[in-house]
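In: Provided below for reference: sequence and predicted model.
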Amino acid sequence: KAGVTQTPRYLIKTRGQQVTLSCSPISGHRSVSWYQQTPGQGLQFLFEYFSETQRNKGNFPGRFSGRQFSNSRSEMNVSTLELGDSALYLCASSRTSPYTDTQYFGPGTRLTVL
Amino acid sequence: AQRVTQPEKLLSVFKGAPVELKCNYSYSGSPELFWYVQYSRQRLQLLLRHISRESIKGFTADLNKGETSFHLKKPFAQEEDSAMYYCALSGHSGGSNYKLTFGKGTLLTVNP
């Protein structure tokens, strides 16, 4: 079956702009998690959605938000971009929970903020 | 607060040698621990989780609650084991609430 897909794969934005990233989970998976990966901080958990509801949230400012649609596809939005938001953003899906089920990761979206 | 520490950023061994990637954690409750692996130009993927107690690609990891460690071991390293390895902890706070915390990763290089 098809894996987790993320679009776009690369993005270049300038400070102050906003950006929306998209994630399509594996068919049948209802949980979608988002992570930020940077050389300095490593992999950090942003949030997790299940059945269109944010179920868990990491320690990121309110500029980072997300949503999930009825087909389990998820979007992540970052407003008022800062240079420090430059990172690889990873999406992962699991059947019901990354706590009990295997998480499958997407290829990531590389965001560069100039 | 939960924290995962992988003390080695880089680890280099020769093919056929034993390998141990260290992971220490800090968590007050009963953790769920994982090892993830990312091979060159591939996606991050789950290698193993402690509750399943399985051996994947010859790797095993034992949870030592006394030492709060979850080291990943393989008796005979292979060149194809060269990859970035991440230890992760999921703190279960009841119901479906959790927080997944990753270590900074260890880059393993297996030399021929």
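Out: Nice, thanks for sending it over.

In: tell me which helix or strand of chain B sits lowest on mean pLDDT?
Out: strand B:98-102 (a mean of 83; mean pLDDT, DSSP states H and E).

In: relative to that one, what are the paired strands and their orientations?
Out: Strand pairing for strand B:98-102, using DSSP bridges, gives strand B:83-92 (antiparallel).

In: what are the contacting residues of the partner strand?
Out: A:42-43, A:98-99, B:2, B:4, B:6, B:21, B:23, B:25, B:27, B:29-40, B:44, B:47, B:70, B:72, B:98-103, B:105-108 (Cβ atoms under 8 Å, 6 or more residues apart in numbering or on different chains). C-beta: built from backbone N, CA, C; applies to glycine.

In: go with 7 Å
Out: A:43, A:99, B:2, B:4, B:6, B:21, B:23, B:25, B:27, B:29, B:31-39, B:70, B:72, B:98-103, B:105-108 (Cβ atoms under 7 Å, 6 or more residues apart in numbering or on different chains).

In: tell me where chain B has strands.
Out: Assigned by DSSP state E, chain B shows strands spanning B:3-5, B:10-14, B:19-21, B:24-26, B:32-38, B:45-49, B:60-61, B:72-74, B:83-92, B:98-102, B:106-111.

In: residues in contact with A:Phe60?
Out: Counting by Cβ under 7 Å, 6+ apart, A:Phe60 has contacts A:Leu46.

In: and the pLDDT for it?
Out: Per-residue confidence (pLDDT) for A:Phe60: 93.

In: that one and B:Leu107, how far apart?
Out: With distances taken as Cβ to Cβ, to the nearest Å, A:Phe60 is found 26 Å from B:Leu107.

In: B:Ser30 now?
Out: 30 Å.

In: ok, A:Ser70 next?
Out: 40 Å.

In: more neighbours: those two, which one.
Out: Between A:Ser70 and B:Leu107, B:Leu107 has the larger neighbour count (other Cβ atoms under 10 Å in any protein chain shown), namely 15 against 7.

In: that one touches B:Val13, doesn't it?
Out: No. The pair B:Leu107 and B:Val13 does not pass the contact test of Cβ atoms under 7 Å, sitting 11.9 Å apart.
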